[in-house]
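Chemist: Have a look; sequence and predicted model below, questions after that.
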Amino acid sequence: MSNLETRPAEMVLSCPDEDGPGIEVVTSRVVPLGGPRAMPVRRTLPSRERSFVGAWCFADHYGPDDVAATGGMDVAPHPHTGLQTVSWLFTGEVEHRDSAGVHAMVRPGELNLMSSGVGICHSEVSTPQTTVLHGVQLWLVLPREARGGPRGFQHHAPAPVELPGGAGTASVFIGELLGETSPVGTATPLLGAEITLEPGGVVDLPVRPDFEHGVLLDTGTVEVDDVAIDRAELAFRAPCGETLRIASTGEGPARVILLGGEPFREEIVMWWNFIGSDHEEVVAARDAWNAGGDPAGAYAGSERFGRVEGYVGERAWLPAPDLPHVRLRPRRNPNAVTDVVATYEGEER
């Protein structure tokens, strides 16, 4: 999924004090995403409150959307550097094409993970048979030593496992939880799972005490370590303790996405769809991407990013927006737990 920003305004993201345990609630903001009527998504990462959960650095939550009303998802070929994209659906189907030659479908309960390497481009389009679209799109920042690797794509369809006490089920798509281990490879230790709770279900999940954790609420009502969160909010907990309690408090079932990982400690600059170590890396990526296309026509491709074959949509490609008239500068968290991401807000108009 692209961060569709055509008029970005500067925003510096920092991490709050992490000296003790407790739940920090991160709210979402609505962002229009592609399509003739701009399908809305709810973005919790990055935000003013929080830059990372482990290496998870971007989280969009969307739907359930009536495709007939919103136009569905149609994101033209766009680039990525320095990251992995993680696609997870609850309802609907999305067609993925990338410049590594991968043509795949994103379906409910099946993970698709794409690695950018030094540069990749891809498109995402909801299929004609999709009537309701509902899911999450996530990004993982790659550590510096992994950003020069090859492009890659991984698929995994985890089998749901029962939670203790019949509280619900878990589908572990990245990392390890409840004895289930995903085969999907990541550059840093991480956790990603869909948790579904029965009405009144409570689970004390065994988790790594050295991980940060985030719980994103999709449906229902829940409390995380006795703190209530609303739909599309993310409950963040700094490293502490070996259990994480999630409780369904409503009359119906609840569903959350659980994210976790070791605190990410590197300085990075994240601007539009690029992640780099400094201003020069981002500028070089932007220039290489825009040099491959005609703003009024087709995208011919570039040596760094390649070209997506087979995409048919409203626009042949998404040009990178203009850079701000300031240097993109990473900022270090004074607590030295994680670093700050310099990024830019602004939504497609």
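Modeler: On my side now, so go ahead. Numbers count the residues shown, from 1 in each chain.
Chemist: May I see the buried residues of stretch 207-219?
Modeler: By 16 or more other C-beta atoms under 10 Å, the buried positions in stretch 207-219 come out as 207-208, 211-219. Placement of C-beta: from N, CA and C, glycine included.
Chemist: of all those, which comes closest to Gly301?
Modeler: When the buried residues of stretch 207-219 are compared for distance to Gly301 (C-beta to C-beta), Leu216 wins out at 35.2 Å.
Chemist: any idea which helix or strand carries that closest one?
Modeler: strand 212-219 (DSSP states H and E).
Chemist: List the residue ranges of the protein that fall below the pLDDT cut-off.
Modeler: 1-21, 34-38, 295-296, 331-349 (pLDDT under 70).
Chemist: rerun that using 90 as the cut-off
Modeler: Across the chain, residues meeting the criterion (pLDDT under 90) sit at 1-22, 31-40, 47-51, 69-71, 148, 267, 293-301, 313-315, 325, 328-349.
Chemist: Gly214 versus the residue nearest the centre of it, what's the distance?
Modeler: Residue closest to the average C-alpha location in the chain (C-alpha atoms, centre = their mean): Leu138, at 1.4 Å. Leu138 is 10 Å from Gly214, where distance means C-beta to C-beta, to the nearest Å.
Chemist: shared neighbours of those two, which are they?
Modeler: 56, 59, 259 (C-beta atoms under 8 Å, 6 or more residues apart in numbering).
Chemist: Spatially nearest residue to the last one, not counting backbone neighbours?
Modeler: The one in question is Leu259. Leaving aside its chain neighbours, Leu259 sits nearest to Gly214 (4.4 Å; criterion: C-beta to C-beta, 6 or more residues apart in numbering).
Chemist: if I read this right, Asp60 contacts Gln137, doesn't it?
Modeler: Yes: Asp60 lies in contact with Gln137 (C-beta atoms under 8 Å); the separation is 4.4 Å.
Chemist: Any buried residues in stretch 152-167, and which?
Modeler: So stretch 152-167, judged by 16+ other C-beta under 10 Å, has buried residues 152-154, 158, 163, 167.
Chemist: export those to CSV and tack on distance to Val25 and secondary structure?
Modeler: Converted to CSV, the buried residues of stretch 152-167 look like this (distance: C-beta to C-beta, whole Å; DSSP: H, G, I helix; E, B strand; the rest coil):
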residue, distance to Val25, secondary structure
Gly152, 34, strand
Phe153, 34, strand
Gln154, 32, strand
Pro158, 28, coil
Leu163, 23, coil
Ala167, 22, coil
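Chemist: Looking at the residues you listed, which is nearest Leu191?
Modeler: When the buried residues of stretch 152-167 are compared for distance to Leu191 (C-beta to C-beta), Pro158 wins out at 12.5 Å.
Chemist: What ranges does the stretch 201-349 of the chain have for its strands?
Modeler: Counting by DSSP state E, counting those that start in this stretch, the stretch 201-349 of the chain has strands at residues 202-206, 212-219, 222-224, 227-229, 234-237, 243-248, 254-261, 268-271, 274-276, 341-345.
Chemist: Helices of the chain, start to end?
Modeler: Counting by DSSP state H, residue ranges of the helices within the chain are 67-70, 279-290.
Chemist: List just the one of those that sits closest to Arg97.
Modeler: Nearest of those to Arg97, taken as C-beta to C-beta: helix 279-290 at 16.7 Å.
Chemist: helices or strands up against the closest one?
Modeler: Packed against helix 279-290 by the contact rule (3 or more C-beta pairs under 8 Å, 6 or more residues apart in numbering; DSSP states H and E) you find strand 268-271, strand 274-276.
Chemist: Now tabulate those in a markdown table and tack on distance to Glu194 and mean neighbour count.
Modeler: Converted to a markdown table, the helices and strands packed on helix 279-290 look like this (distance: least, C-beta to C-beta, whole Å; neighbours: other C-beta atoms under 10 Å):
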| stretch | distance to Glu194 | mean neighbour count |
| --- | --- | --- |
| strand 268-271 | 25 | 25 |
| strand 274-276 | 25 | 24 |
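Chemist: Format these as TSV; extra columns: distance to Leu83.
Modeler: Formatted as TSV, the helices and strands packed on helix 279-290 follow (distance: least, C-beta to C-beta, whole Å):
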stretch	distance to Leu83
strand 268-271	8
strand 274-276	5
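Chemist: Kindly state which of those strands is positioned closest to Ser116.
Modeler: strand 274-276 (8.3 Å).
Chemist: Tell me which stretches of the stretch 1-150 of the chain form strands.
Modeler: Under DSSP E, counting those that start in this stretch, the stretch 1-150 of the chain gives strands at 9-13, 23-26, 29-33, 39-45, 56-66, 74-80, 83-91, 94-98, 103-106, 111-115, 120-126, 132-141.
Chemist: so which of these comes closest to Ala285?
Modeler: Among the strands of the stretch 1-150 of the chain, the nearest to Ala285 by C-beta to C-beta is strand 74-80 (7.1 Å).
Chemist: Just list what that closest one packs against, helices and strands only.
Modeler: Strand 74-80 packs on strand 120-126, going by 3+ C-beta pairs under 8 Å, 6+ apart.
Chemist: in its sheet, what does the strand it packs on sit against?
Modeler: Sheet pairing here is set by DSSP bridges, and for strand 120-126 it gives strand 74-80 (antiparallel), strand 94-98 (antiparallel).
Chemist: how about stretch 62-77: buried residues?
Modeler: 62-63, 65, 67, 70-77.
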